[in-house]
Structure formats: C-alpha cells, structure tokens
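# Build me a structure from this.
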Amino acid sequence: MAKLFFRHGVMGSSKTANALMVEYNYYEIGKKALLLKPQLEKRDDEIKIRSRIGLEKECEYVEDFVKKSDDEIKKYDCIIVDEAQFCQKSDIEFFLHVVDDLNIPIICYGLRTDFRMELFPGSMWLLAWADVIEEIKTVCWCGKRASCNTRYTEDGKVVREGEQVELGGNDRYVSLCRRHYKEGNLGPNFKNR
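The predicted structure is shown next:
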C-alpha cells in the first residue's frame, strides 16, 4: 500500500539532495520517479531541482501535475516533491488521491516552519495527513540539533517579522537551535559565512 511521506528539516539539512538521491535510486532499479516543485520556488529561473552541493535534475511544477489525468500519473512508480511547504491544501488533497486511489507513493520534502516558527500551509496539511513524518536533522553552530529557520539582515540582526515567503539561501537564512534562535545568536563565525 502506497503512503504519503513528509520529510521535513530546517534549511541546510540536505532535503533537496536527499530528494534527488531518492529519484536516482528509483532510476537505478529501472523505476520511474517524477520530481516536482511548486512554481513559487523560482530561485533558479529554471524548472529544475538544485541542491546546495550542486546536484540538479529537471522537474515539473506541482501546479501542472495536479492537472494530469490518472492515466498520465500511473506511468510513474513514485512522485517526489521538493519545497512542499509552498504547496496549497488542494495540492496535498490531490496527493492523497494519488496515494490512496492510484497506489503511488508520494515523498514530500520541505520546511516545517518559517523564520517566525509558524507553520507553512503545505507543511500544516502534510503534518495533518501524511502517513509517515520524518525529520531530516542538521546542527546549529553550537553542535545541538537545529530546529529553527532563522532569517537575518546583512548586519547580523535576526528578523522576527515580515512576509512569510522571502526566497534566499545562506545569504539570508541560517539554521539554529531553539535557544540560539530565541537569543538571536548567529554564532561566533557569523561574519565568515
């Protein structure tokens, strides 16, 4: 029986690299997996999933996938979604249809919370409905488990208010443990990033 998976982690926890490796594992055994991402994630101006370490692969948009017929979707052995936090409730409902009615597993990767420690819409529905929820872990500068996505300014101040979605990478975000998030402490090597 197929399942809906939600693999979440803070920024820098290798979610995208993991998604790309899972897709390759399917390919390697002669199976066909489809990579997806929401249109909102357009950092690269390409329809690709790209990890920080340079792995990349072409993908499709979630918004196009949910318009496909069941027969088109049945060509795949697995669906892999990156940046799933940007999905809408209706997208997650469609994923449930694919899993429950077409018996095709869907593995979603994404952030659980934003820089204010509030749930993203896609993550909220995945936490509510996923069959399997797994955390992909990484560490804070202090060595403890990082659980907070932290947005910061150029001069090193932690941002606590603003728009939920502001795309960026290491130049705007860092993952911290809850203690250092609350303190606003980006670490002793912040200037060297």
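# can you pull the contacts of the residue nearest to residue 187 when sequence neighbours are not counted?
Spatial nearest neighbour of residue 187, chain neighbours left out: residue 141 (3.4 Å); criterion: C-beta to C-beta, 6 or more residues apart in numbering. (Glycine included, C-beta is placed from N, CA and C.) Counting by C-beta atoms under 8 Å, 6 or more residues apart in numbering, residue 141 makes contact with 174, 176, 180, 186-189.
# most neighbours, which of those?
Among the contacts of residue 141, residue 176 has the most neighbours (other C-beta atoms under 10 Å), with 27 neighbours.
# ok now the helix or strand of the chain with the lowest mean pLDDT, how far from the chain's centre?
Least confident helix or strand, the chain: strand 48-50 with a mean of 82, by mean pLDDT, DSSP states H and E. Averaging C-alpha positions (C-alpha atoms, centre = their mean, to the nearest Å) puts strand 48-50 12 Å from its chain's average.
# now for it, which elements pack on it?
In this structure, strand 48-50 makes packing contacts with helix 15-28, strand 56-58, judged by 3 or more C-beta pairs under 8 Å, 6 or more residues apart in numbering; DSSP states H and E.
# weakest of those in terms of mean pLDDT?
Ranked by mean pLDDT, these end with strand 56-58 at the bottom, a mean of 88.
# Show me which parts of the least confident helix or strand of the chain are buried, residue by residue.
Within strand 48-50, the residues scored as buried using 16 or more other C-beta atoms under 10 Å are 49-50.
# Okay, now the sheet partners of that strand, with direction.
Strand 48-50 pairs in its sheet with strand 56-58 (antiparallel), by DSSP bridges.
# which element follows the partner strand toward the C-terminus?
Using DSSP states H and E, the helix or strand that follows strand 56-58 in sequence is strand 60-61.
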